[in-house]
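**Q** kindly generate the corresponding structure for this input.
(chains A and B)
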Amino acid sequence: MNLFIVELQKILSRRIVWIGMTVIVSFMALWVWESIVAAEDTVVDGVRYRGLEAIRKDREIARTWEGPLTAEKLFRILDTYGIAGDETDGGLVRREGNWVSRYATDLLTDYRNREDPGAVRMLSGEALAMEEERIARNPSYFCYTQNMDFLYEAAYSMNLLLLVLTAVVLAPVFAQEHQALTAPVLLTCAKGVRETAVSKCAAALALAEGIYLLANGTLLGAYLMIYGMDGLRATNLCGIGAGIGFASLTNGQLWGINLAWGAFGMCLMCALTLFFSAKLRQSFLSLSAALACLAGGIASFYVLPVLFGFAGLRILFRLAGMCSPFPMMLAASTGAAAMPVTAGIVLWLLISCAVGIRRYWRPA
Amino acid sequence: MLELRLDRVTKRFGTKIAVDAFDHVLSEGVYGLLGANGAGKTTLMRMLCSLLLPDGGEIRFQGERIGEMGARYRRILGYLPQEFGFYPEFTAERYLTYLARLKAVPPRLLLEKLDEIWELTGLADVRKQKLRSFSGGMLRRLGIGQAILNDPDVLILDEPTSGLDPKERIRFRNIISSLGKDRIVLLSTHIVQDVEFIADEILLLKDGRLKASGTPAEVMQKARGHVWECLVDEGWAGRLEERWPVSNLKTAGDQVCLRIVSAEKPVPDAAACEPNLEDAYLFFMQEAGNGREKQGLAQNAPAGRRG
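**A** All right, here's what the predicted structure looks like:
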């Protein structure tokens, strides 16, 4: 009998795992469909298309303009399709144009910042020069990246829920053995101490990462099925947003790094929860402590900059962000120089948690 | 020859001393650890299982400290806790297979070992049922089954008959009795009958201290001359009960026949009788100072007949 399999089965036998995953996946699926796909629309040759048809049309058009992004290309797009402003149809305000023309409109006009909602004007003078210079300074690869930023936000929300689910599912791993009074028998077996603890940790980590990869893989897979893989080739200036930083990376690379970093964050959440479970020996207390760490980490991500500014506490900021679903966002805003120190501190945290798990079997 | 030596073993919880300088040597046989609730039985047993660390003294098995032996000691240890937890979703077979894995039972011996346990515990017919469907008695039998999976040299059973009906208790006694050969079996209980007929040695524990030890006959012998029977009026019966431990009370018409444990005759007409183990238990467990008024009572008690 494989101890790892037994421990994994013990965790999976809890209904909360299945209920939690079902709720999260269902919610995300519904949200994505209603908020994104159902709301898609585009205008091609005067005809308005909706939903999946709109996406297909936009992809076709975007492919004809795929390549290095230049100001000259953006001007040609506007010459070809016109400025994509708003039109009013029976009281309903809808966007004109297709994805490509809307993209060019957003960059080269005052559409997003205009005072008069009716009139959209081309940038001119210093504003235009600045925009042209920004585009020239950050060479980017342009292709269809519709809703990639929304996908990023959806993944953020989903991963936040997954972190909570991880704490809920793993809090009883060690604690339940004490509460259910099975620990005295286990801890008097020859292999009931270290081997059991290692199997529990391995099963917990495998489950946490498995759920994480499954959920993110499903979300990304659903996006790619609907919107295609074109956006993965674009550099992030054209996708997730310049505010994230790492402008030279493609969206595909950024997604990969974020997924890896997020998996590391899940690993940390797993370690913290198991540590509390072993130390506190009560499921509810362990869950509360783990969620407090998560809440504290995320809250400090917003509070610390207000109190101390970004530059003052880079390392603490990173640590706070490690508990958030997408730490890369944090890493980008605090600079790459502190990464090794942050990684070192996080590694120390992981080792401390692993050592702290000995509390599970330590005699009173 | 097996030897489990407890050398002035002490355990404190805050200011309370749960086990107080417990000294004894255990070898092959069945030991009955008798004591009231809170006497320190479970604490002592948990220390013997390395679940608690003694605050003083040491416990050695074959001359080696059990704390230092670690997994080597757990290989020869079997433990049935007082409150036996289980996994409701596991079947009995899966549970024992899981524990066999943890107890490092060689896979080639597993099936044979399980067959032995099914036969001993009488659970063969229900081995594929989930544990949530088991009764209390069945769970207890499963508990002892897991405790002997690894054929332990030291078997610790903490109140194994607690909550069982008389038939299950007798069954359990018979199982334990058969296990006593070639291993150390320490069985704790506050029910005297559980150990009276199967224990090779009785250990009486009170307030964490070992009050007396010996074979059942030796322990009973120590109480000789301290057990009395008398027949008194109901009113006097109540007063006598307040002053001395009463091991038996039987109503006979208007009067009450009392079996009293006392160093001196409680009433003039009381007759001495041969003590049983319950009497001996009460003799060792009674509080000091009970006899402060007994002299006065004995002088003023009305004449009665011996029951």
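**Q** any stretches of the stretch 201-350 of chain A with poor pLDDT?
**A** For the stretch 201-350 of chain A, the stretches flagged by pLDDT under 70 are A:236-247, A:300-302, A:304-305, A:308-346, A:348-349.
**Q** which residues does the residue of it found nearest chain B contact?
**A** The nearest approach of the stretch 201-350 of chain A to chain B comes at A:Arg281, 13.1 Å away (CB to the nearest CB). The way it works is simple: take the backbone N, C-alpha and C, and place the C-beta from them, glycine included. If a contact means CB atoms under 8 Å, 6 or more residues apart in numbering or on different chains, then A:Arg281 has A:Phe174, A:Ala175, A:His178, A:Gln179, A:Tyr360 as its contacts.
**Q** can you tell me how far the last one sits from chain B?
**A** From A:Tyr360 over to chain B the distance is 12 Å, taken as CB to the nearest CB, to the nearest Å.
**Q** the stretch 101-250 of chain B: strands as residue ranges?
**A** If DSSP state E, counting those that start in this stretch is used as the criterion, the strands of the stretch 101-250 of chain B fall at B:154-158, B:184-189, B:201-206, B:209-214, B:227-233, B:246-252.
**Q** who does the fourth one pair up with?
**A** Strand partners for strand B:209-214, identified by DSSP bridges, are recorded as strand B:201-206 (antiparallel).
**Q** same question for the last one.
**A** Looking at strand B:246-252 with DSSP bridges, its paired strands and their directions are strand B:255-261 (antiparallel).
**Q** domains in chain B, by residue range?
**A** Annotated domains of chain B cover B:4-221, B:222-300 [automatic domain parsing].
**Q** now do the longest one: distance from first to last residue.
**A** Just to be clear, that refers to domain B:4-221. 26 Å (CA to CA, to the nearest Å).
**Q** redo the contacts of A:Arg281 as CSV? Include neighbour count, distance to B:Asn248 and pLDDT.
**A** Shown next, in CSV, are the contacts of A:Arg281 (neighbours: other CB atoms under 10 Å in any protein chain shown; distance: CB to CB, whole Å; pLDDT from 0 to 100):
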residue, neighbour count, distance to B:Asn248, pLDDT
A:Phe174, 30, 49, 93
A:Ala175, 26, 47, 93
A:His178, 21, 42, 92
A:Gln179, 15, 42, 93
A:Tyr360, 26, 48, 76
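**Q** in chain B, which spans are helices?
**A** Along chain B, the stretches classed as helices by DSSP state H are B:41-48, B:66-69, B:71-75, B:92-102, B:107-121, B:136-147, B:166-179, B:193-196, B:216-222, B:234-243, B:277-285, B:294-300.
**Q** including distance to chain A, could these go into CSV?
**A** As requested, those are arranged in CSV below (distance: least, CB to the nearest CB, whole Å):
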stretch, distance to chain A
helix B:41-48, 8
helix B:66-69, 8
helix B:71-75, 4
helix B:92-102, 4
helix B:107-121, 9
helix B:136-147, 6
helix B:166-179, 17
helix B:193-196, 21
helix B:216-222, 29
helix B:234-243, 38
helix B:277-285, 27
helix B:294-300, 43
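**Q** what number of residues lie near A:Val17?
**A** For A:Val17, the count of nearby residues is 17 (other CB atoms under 10 Å in any protein chain shown).
**Q** follow-up on the earlier one: of the domains of chain B, which shows the lowest average pLDDT?
**A** With a mean of 78, domain B:222-300 has the lowest mean pLDDT of the domains of chain B.
**Q** in the stretch 101-250 of chain A, which residue sits nearest chain B?
**A** When scored by CB to the nearest CB, the stretch 101-250 of chain A has A:Leu181 as its residue closest to chain B, at 3.1 Å.
**Q** mind listing what the residue lying closest to that residue once chain neighbours are set aside touches?
**A** Spatially, and ignoring its direct neighbours in sequence, A:Leu181 is nearest to B:Gly85 (3.1 Å; CB to CB, 6 or more residues apart in numbering or on different chains). Contact analysis of B:Gly85 by CB under 8 Å, 6+ apart lists A:Glu177, A:Ala180, A:Leu181, A:Thr182, A:Ala183, A:Pro184, A:Val185.
**Q** mind checking pLDDT for whatever residue of the stretch 251-364 of chain A ends up closest to chain B?
**A** The nearest approach of the stretch 251-364 of chain A to chain B comes at A:Pro363, 4.7 Å away (CB to the nearest CB). Listed pLDDT for A:Pro363 reads 72.
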